[in-house]
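Undergrad: just to be clear, the model below is a prediction. Sequence and coordinates:
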Amino acid sequence: RRALAGVPVPRAADGRIVLAADVTSWLRPEAHTSPERMLCHTYGRGKDQHIMIPGWPYSFVAALETGRTSWTAPLDMIRLAPGADLAVVTAAQVRDVVTRLIDAGQWRVGDLDMWLVVDAGYDAARLAWLLRDLPVQVLARMRSDRVLRRPAPVRLPGTPGRPLRHGREFGFADPASWGEPDVTTTTQTRLYGTATARAWYRLHPKLTRRAAWADCPVLPILHGTVIRLDVTRLPSGATAKPVWLWWSRGGPGHDPDPVTVDLLWQAFLRRFDIEHMFRLFKQTLGWTTPRLRTPQAADRWTWLTIAAYTQLRLARPLAVDLRRPWEQPAPPERLTPARVRRGFRHLRTNLACPASAPKPARPGPGRPPGRRNDQPTRRYDVHTATTGEAGKPKPKTKKSTNPRRHHTG
């Protein structure tokens, strides 16, 4: 972890560090003797189906580059334990990464705050509250059925009753509640056509004293900026749906300008580069290929994969493009991780090897044929969150065909 923090990290167009956090799974559906497995969410294994498969979920934090590229800089990895709170684990992970970057001199006092970009599966308000003492700003996508609140109106002198904490509602699915946006920008893009971004300042989720906020004596008011991004087309040809973003800055004195609004939605689009990193880990570098039994061995192999990917990133200006006959020539700064890996074979012979020569050995004879296994391996159940504290299964609720909007966060 200290070595990764010391390597030069990529930066955005304005010079700030942009971090992305996401979870990917090492699926082990048949590993009954492997402990600490959980039901991991997968998509695409059936026709428009979301299937839960046992495996080990891993949380990654990586630094994003600017421009058209599929490169990222992985900085940390943590395997999620059964029953872990994703927001608490991610906040602690990001805190450690930011602390190491500051200790390594990657961020100094006076530099622009870092951005943490996450998808809709994270509790953006909780992350912003847990990281409020760090130079980190949270940018998260929100579901299209969320409802936020405006600031409370000014209380007139002599008004009876309890002072209001929240103002009028701002429903993502209710255009009548939006009002005029504070900032509107229009950008012409090559892949998405015309991108229109509209921003509204000083919107916050209405928190309730339950779940993660049950022990909070005073519920905070977390003002932020809401951005709605509309594009005319998608590269895949699918129907372009609006994207709702929430930025943890936007309170009094921190309203963003049009340039910052454009940088925010562009930084969120760069978050998808971490998906290319996951695909390279699994399909090219063989991250999930070994059939390891213990999760500790899986953690060590994951760190070896991250180290190999970091070596490829450092070898970008040195690798020669060994392109296929059907591939177009690319300059050295535009080579993809897979094409750098092809040219790495010529660099490896000139690199020093810190490891000693391997010692020849033969595998053990194992259990003789026909002898019964007197020491069977222990089998573990998959961790599920379907039972309560008393061990009674939760009652099944009927799925509504017309779900209500989320009025609380």
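TA: Thanks, I have the structure now.
Undergrad: tell me the helix or strand right after the biggest strand by length in the chain.
TA: Using DSSP state E to define each element, the chain has its longest strand at strand 50-64. Tracing the chain C-terminally past strand 50-64 and defining elements by DSSP states H and E, one meets strand 72-79 next.
Undergrad: just the CA coordinates of that next one, formatted as CSV?
TA: Only the C-alpha atoms of strand 72-79 are listed here, as CSV (Å, rounded to 0.1, in the frame of the first residue of the first chain):
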residue,chain,number,x,y,z
THR,A,72,-6.5,3.5,-13.8
ALA,A,73,-4.1,3.5,-10.8
PRO,A,74,-5.3,1.0,-8.2
LEU,A,75,-4.3,2.1,-4.7
ASP,A,76,-6.1,-0.2,-2.3
MET,A,77,-8.1,-3.4,-2.0
ILE,A,78,-10.2,-4.8,0.9
ARG,A,79,-12.2,-8.0,0.9
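Undergrad: can you give me the helices in the stretch 251-400 of the chain?
TA: 258-270, 273-283, 295-314, 337-348 (DSSP state H, counting those that start in this stretch).
Undergrad: would you mind giving those as a markdown table with distance to Leu164 and mean neighbour count added?
TA: For glycine as for every other residue, the C-beta is placed from the backbone atoms N, C-alpha and C. Converted to a markdown table, the helices of the stretch 251-400 of the chain look like this (distance: least, Cβ to Cβ, whole Å; neighbours: other Cβ atoms under 10 Å):
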| stretch | distance to Leu164 | mean neighbour count |
| --- | --- | --- |
| helix 258-270 | 29 | 19 |
| helix 273-283 | 41 | 18 |
| helix 295-314 | 49 | 16 |
| helix 337-348 | 53 | 17 |
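Undergrad: which one of those helices lies closest to Pro363?
TA: helix 295-314 (17.7 Å; Cβ to Cβ).
Undergrad: what packs against that closest one?
TA: strand 50-64, strand 72-79, helix 273-283, helix 337-348 (3 or more Cβ pairs under 8 Å, 6 or more residues apart in numbering; DSSP states H and E).
Undergrad: what about Pro10, how many neighbours?
TA: 17 (other Cβ atoms under 10 Å).
Undergrad: need the contact list for it.
TA: When contacts are counted by Cβ atoms under 8 Å, 6 or more residues apart in numbering, Pro10 touches 63-66, 71-73.
Undergrad: helix/strand/coil for it?
TA: coil (DSSP: H, G, I helix; E, B strand; the rest coil).
Undergrad: ramachandran coordinates for it?
TA: phi -70, psi 160 (degrees, to the nearest 10).
Undergrad: from Arg313, how far off is it?
TA: 9 Å (Cβ to Cβ, to the nearest Å).
Undergrad: same question for Gly250.
TA: Distance, Gly250 to Arg313, by Cβ to Cβ: 34 Å.
Undergrad: among the helices of the stretch 251-400 of the chain, which is nearest Gly161?
TA: helix 258-270 (37.3 Å).
Undergrad: that closest one vs strand 50-64, what angle?
TA: 130 degrees (axes from the mean of the first three to the mean of the last three Cα atoms, to 10 degrees).
Undergrad: quick one: contacts of helix 258-270?
TA: 12-14, 18, 20, 64-66, 115, 117, 139, 141, 183, 185, 187, 195, 197, 199, 225, 227, 229, 243, 245, 247, 256.
Undergrad: in CSV, list the C-alpha atoms belonging to that helix.
TA: These are the backbone C-alpha positions of helix 258-270, laid out as CSV (Å, rounded to 0.1, in the frame of the first residue of the first chain):
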residue,chain,number,x,y,z
PRO,A,258,-20.5,26.1,-15.1
VAL,A,259,-16.9,24.9,-15.6
THR,A,260,-17.0,22.9,-12.3
VAL,A,261,-20.4,21.4,-13.3
ASP,A,262,-18.9,20.2,-16.6
LEU,A,263,-15.9,18.7,-14.8
LEU,A,264,-18.2,16.9,-12.4
TRP,A,265,-20.2,15.0,-14.9
GLN,A,266,-17.1,14.3,-17.0
ALA,A,267,-15.4,12.9,-13.9
PHE,A,268,-18.4,10.6,-13.3
LEU,A,269,-18.1,9.2,-16.9
ARG,A,270,-14.5,8.5,-16.2
